[in-house]
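Enquirer: what's the 3D shape of this:
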Amino acid sequence: MPLFDRFYAPPLRLLGALLFLLLIPSVQASEVVRIAAASDLRYALDDIIELYHQAHADARIEVIYGSSGKMTTQIINGAPYDMFFSADIAFAHKLEEKGMAATEPAVYAIGRIVLWSNTLDAAGLTLADLTSDAIKRIAIAQPAHAPYGLRAREAMQSAGIWEAVQGKLVFAENIAHAAQMTQSGAAEVGIIALSLARFPELEKYGYYLIDDTLHQPLTQGYVVTRRGAKKPEVWAFADFMATDQAHASMLHYGFVIPE
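Expert: The predicted structure is shown next:
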């Protein structure tokens with residue numbers, strides 16, 4: 001092989017390969033799907049997204065968890081979310097009324113509330129026990145903007161203990177925060193979402209399932225926002241939420257799937 005070829009052929013071949021790659025149309029990365037979700041979905045939705053990625057490896061999904069009321073206000077004020085999963089379908093309807101939704105609100109699950117503690121035997125407690133002098137602090141989500149907090153208040157009102165526990169209540173920003181406050185010892189007992197109490201780290205302590213006739217149903221609904229309607233990946237994920245795989249994950253965390 002001539003000396004010139006030995007020293008310069010490899011660079012020439014490399015240059016040719018680079019020119020070839022430049023002629024290939026670039027493959028754009030999947031657009032990010034941004035989801036606003038109620039805090040009770042923190043574990044269930046994470047699992048569902050993981051399942052979704054098994055069939056859509058390139059999907060880019062970001063979730064922010066918080067209180068449904070506050071997230072509704074954020075979206076109305078221009079927060080860039082493509083989907084909204086509310087703990088109360090009423091908030092999804094509010095977005096529809098404001099012209100912010102590209103779909104009609106759809107029910108995806110019905111939630112439940114429980115008594116939970118990592119220092120007391122919550123499985124042996126009832127709502128009436130919350131009036132005991134042995135319990136100094138009770139954590140609930142803020143009823144003004146968190147559906148699970150509102151249902152906790154309704155349950156205690158129905159049980160006739162709401163007035164008696166006023167001095168014990170500590171209010172959290174959302175239902176996940178209520179669980180965190182109880183877990184950290186800021187409250188001895190929390191009224192939290194069953195979906196959080198079913199997470200292994202919390203479930204090992206047990207819980208008491210509150211009778212759902214004591215409060216209005218936690219009918220949870222979602223919408224695709226007008227912003228998200230432009231993204232094919234949003235519609236693909238919305239379809240996935242109706243699959244048996246997604247339903248199985250929701251059932252695992254204690255959600256009721258409507259017929």
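Enquirer: Return the distance of residue 236 relative to residue 108.
Expert: Counting by Cβ to Cβ, to the nearest Å, the gap between residue 236 and residue 108 amounts to 16 Å. Every residue, glycine included, has its C-beta placed from N, CA and C.
Enquirer: So between those two, which is more surrounded?
Expert: More neighbours sit around residue 108 than around the other of residue 236 and residue 108, counting by other Cβ atoms under 10 Å; the figures are 23 against 15.
Enquirer: which SS class is the more buried one?
Expert: Following DSSP: H, G, I helix; E, B strand; the rest coil, residue 108 is assigned to strand.
Enquirer: Which pLDDT value does the model give it?
Expert: What the model reports as pLDDT for residue 108 is 95.
Enquirer: residues in contact with it?
Expert: By Cβ atoms under 8 Å, 6 or more residues apart in numbering, the contact set of residue 108 is 85, 220-222, 241, 250.
Enquirer: so where do the strands sit in the stretch 101-250 of the chain?
Expert: With DSSP state E, counting those that start in this stretch as the definition, the stretch 101-250 of the chain shows strands at residue ranges 106-111, 113-116, 138-141, 169-172, 189-193, 207-209, 218-224.
Enquirer: tell me the most buried of these?
Expert: Comparing the strands of the stretch 101-250 of the chain by mean neighbour count (mean count of other Cβ atoms under 10 Å), strand 189-193 comes out on top with a mean of 31.
Enquirer: What angle do strand 106-111 and that strand make with each other?
Expert: Here strand 189-193 runs at an angle of 150 degrees relative to strand 106-111 (axes from the mean of the first three to the mean of the last three Cα atoms, to 10 degrees).
Enquirer: what helices or strands is strand 189-193 leaning on?
Expert: strand 113-116, strand 138-141, helix 147-158, helix 175-184 (3 or more Cβ pairs under 8 Å, 6 or more residues apart in numbering; DSSP states H and E).
Enquirer: Take these and write them to CSV, including distance to residue 191.
Expert: Supplementary listing: those in CSV, determined by distance: least, Cβ to Cβ, whole Å:
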stretch, distance to residue 191
strand 113-116, 6
strand 138-141, 5
helix 147-158, 4
helix 175-184, 7
